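**Student:** Let me see the structure of the following:
(chains A and B)
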Amino acid sequence: GNSVTQMEGPVTLSEEAFLTINCTYTATGYPSLFWYVQYPGEGLQLLLKATKADDKGSNKGFEATYRKETTSFHLEKGSVQVSDSAVYFCALSDLRDNYGQNFVFGPGTRLSVLP
Amino acid sequence: DTGVSQDPRHKITKRGQNVTFRCDPISEHNRLYWYRQTLGQGPEFLTYFQNEAQLEKSRLLSDRFSAERPKGSFSTLEIQRTEQGDSAMYLCASSPSGRAYEQYFGPGTRLTVT
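**Tutor:** Next up, the predicted model:
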């Protein structure tokens, strides 16, 4: 079955540091890949997505590239801010699934950014 | 667009009691999903609706769980005879027709079974 693995947290960085959160996946089909973010006390928000190999998703300074050869979708940001402190979830969905029921999430990585 | 809302935000109940949660999706979204999230884990799919039809249920959804979406608007998730293992965050999400990957999540209902 499909699965997602993320680097374990928590990750603690100083403001303006470079961020990488690793994500690798296992899928039998043709997945789309996503990063969701969950701020304290809030629901999950879609951060960025990529629907095919070599696509780069980007939003709010975050980027991730769909690497089929390494089955990875690592999240990066060049300069983090205190406001980026949250839990980040990598997820996949099978493109053949028209209804979204095969949405699989990783365990999440907690990021804390210190001023 | 007021987003997905869930009620209550927190629920504490004693083992054996029944609980019901409500989810109001974004109004124009025809698909609605329920997930369960335990501490330190990502959301796990429970069930989803397209309009009022419940189209898929996870094996995680035992016969003590039931979900409804009358008239294709809000949805309820009921847990009967709660167990301590049911303690979790229950998340609702909705998505627009043709874009199932754009799932918009509510803030969740945190259930604690004592």
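
**Student:** Tell me where the model's unsure across chain A.
**Tutor:** Residue ranges of chain A with pLDDT under 70: A:95-102.

**Student:** residue ranges of the strands in it, please?
**Tutor:** Ranges of strands in chain A, per DSSP state E, are A:3-6, A:11-14, A:19-21, A:23-26, A:31-38, A:44-50, A:56-59, A:62-65, A:75-77, A:86-94, A:103-105, A:109-114.

**Student:** Number of residues surrounding the nearest residue to A:Leu33 once chain neighbours are set aside?
**Tutor:** Once flanking residues are discounted, A:Leu33 sits nearest to A:Phe73: 4.3 Å by Cβ to Cβ, 6 or more residues apart in numbering or on different chains. All C-beta spots, glycine's among them, are computed from the backbone N, C-alpha and C. By other Cβ atoms under 10 Å in any protein chain shown, 30 other residues sit near A:Phe73.

**Student:** swap in the one 4 residues further on?
**Tutor:** Neighbouring residues of A:Lys77 were enumerated by other Cβ under 10 Å; the total is 20.

**Student:** Quick check, it in contact with A:Ala17.
**Tutor:** No. A:Lys77 lies out of contact with A:Ala17 (Cβ atoms under 8 Å); the separation is 9.2 Å.

**Student:** Just checking stretch B:14-26 against chain A, any contact.
**Tutor:** No. Applying Cβ under 8 Å from any Cβ of the partner chain, one finds stretch B:14-26 separated from chain A by no less than 10.9 Å.

**Student:** Pairing partners for the residue lying closest to A:Gly61 once chain neighbours are set aside in the sheet, please.
**Tutor:** With sequence-adjacent residues excluded and distances taken as Cβ to Cβ, 6+ apart, A:Gly61 is closest to A:Lys77, at 5.3 Å. Applying DSSP bridges to A:Lys77 yields these beta-bridge partners: A:Leu19, A:Phe62.
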